[in-house]
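Visitor: quick one, structure for this:
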Amino acid sequence: MPKVIEEEKGTKSNGRFQWIVFVVFIPLLFAITIALVVMTVAGINVFEKAQSIPFISKVLPSGNEENQEQLENRIISLQASIEDKEAKISQLQTEIDGSEKDNEKLQATIEQQKLELEELRQIGEENKRAFKEVVSTFESMSAKSAAPVLLKMEDQEAIKILSSIKPDNLADILEKMPPEDAARLTGLLSADES
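Guide: Residues are numbered from 1 along each chain as shown. Okay, the predicted model is just below:
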């Protein structure tokens, strides 16, 4: 009989344990699972929130701190890199602006020099036209009138005019000059032509 009493005690203790498992433990696990699913759908990270509770944070692994530290270091290095790139961009933009200003100055200088060149060309054409008029005036003058005027001019100007006059008129003008002046001017004319 003692075996029967022991078996009854064993079944009663098994019955109580099974009752506690079926009535308390299984519904509790089911309720926790449903709560986790609902909170996850709602966007609440339960494990992150649980780490802020002192006794649970010691139980849950905290590998996130190392990852978070690595991420923060990476973010800091990327921000430094971005700042360096922005500084380089700013420097290059300043150089581009300076180059554009230099280019504008050079363009303005080129335009000014083109205007000056055009002005000088026009002055040169006017001088050529005026010189041709002076030469034609001397050609239309009589040799007796032209000779004394040429003798009163500086030698370079007289040579320039004499070298442009037609040979027939030149001979007549030199014929009307005193022989020493005609010889001097003829010598200068031959030296100028060669």
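
Visitor: what residues does stretch 168-186 touch?
Guide: Outside stretch 168-186, the residues that touch it by Cβ atoms under 8 Å, 6 or more residues apart in numbering are 138-139, 143-144, 146-147, 150-151, 155, 158-159, 162, 165. Quick note: C-beta positions are derived from backbone N, CA and C, even for glycine.

Visitor: how far does stretch 37-54 sit from the chain's center?
Guide: 52 Å (Cα atoms, centre = their mean, to the nearest Å).

Visitor: what do you get for stretch 81-94?
Guide: Stretch 81-94 sits 12 Å away from the centroid of its parent chain (Cα atoms, centre = their mean).

Visitor: and stretch 179-191, by the same measure?
Guide: That offset, for stretch 179-191, works out to 66 Å (Cα atoms, centre = their mean).

Visitor: and for stretch 22-34?
Guide: Put simply, stretch 22-34 sits 69 Å off its chain's centre (Cα atoms, centre = their mean).

Visitor: is T40 in contact with V46, as I believe?
Guide: Yes: using Cβ atoms under 8 Å, T40 is in contact with V46, at 7.1 Å.

Visitor: overlap in contacts of those two?
Guide: By Cβ under 8 Å, 6+ apart, no residue touches both T40 and V46.

Visitor: what residue is smack in the middle of the protein?
Guide: I96 (3.2 Å; Cα atoms, centre = their mean).

Visitor: weed out the non-buried ones from the contacts of stretch 168-186.
Guide: Neighbour-count burial (16 or more other Cβ atoms under 10 Å) applied to the contacts of stretch 168-186 gives F138, E139, A143, A146, A147, L150, L151, A158, I159, L162, I165.
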